[in-house]
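Enquirer: Sequence and computational prediction follow.
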Amino acid sequence: MDNEQRMIDWCRMWNEDPSLAHELMTGSCVQWSNRVESLDAVVGPDQQERFVTDYRARHVNVFTSPEGPSCSSGQPRTASPLVGSTC
């Protein structure tokens, strides 16, 4: 998978399908958020899928790549507390 597709799928994982974590992460994969301390403790796709599912239940975000589409509402994107942008 090239990096462009990885970015697209990473956004899809957050927006649509948390189970994509199993295609994007190895069992020992970790990440650093600098915004949400509990995300730093996530290891591997199982924990990532649970974290994303729980996070999406509490927050409304639309994650896009930097070249991604503008908000459908016409409003400018704003920074997300994690790694994306929100409308």
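Expert: On my side now, so go ahead. If you're wondering where the values come from, they're calculated on a predicted model, not measured in any experiment. Residues are numbered from 1 along each chain as shown.

Enquirer: Low-confidence stretches in the chain?
Expert: 61-87 (pLDDT under 70).

Enquirer: switch the cut-off to 80
Expert: Residue ranges of the chain with pLDDT under 80: 60-87.

Enquirer: As a check, name the ranges of all helices in it.
Expert: Here the chain has its helices, by DSSP state H, at 3-15, 21-24, 37-40, 44-58.

Enquirer: Let me know which of these is tucked in deepest.
Expert: Comparing those by mean neighbour count (mean count of other C-beta atoms under 10 Å), helix 21-24 ranks first with a mean of 17. All C-beta atoms are positioned from the backbone trio N, CA, C, and that covers glycine.

Enquirer: Skip the chain neighbours and tell me the closest residue to Trp10.
Expert: Leu24 (6.1 Å; C-beta to C-beta, 6 or more residues apart in numbering).

Enquirer: can you tell me how far Val43 sits from Ser19?
Expert: Separation of Val43 from Ser19 (C-beta to C-beta, to the nearest Å) stands at 17 Å.

Enquirer: before we move on, the earlier item: mind putting the helices of the chain into JSON lines with distance to Gln31?
Expert: Below are those laid out as JSON lines (distance: least, C-beta to C-beta, whole Å):
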{"stretch": "helix 3-15", "distance to Gln31": "10"}
{"stretch": "helix 21-24", "distance to Gln31": "10"}
{"stretch": "helix 37-40", "distance to Gln31": "7"}
{"stretch": "helix 44-58", "distance to Gln31": "8"}
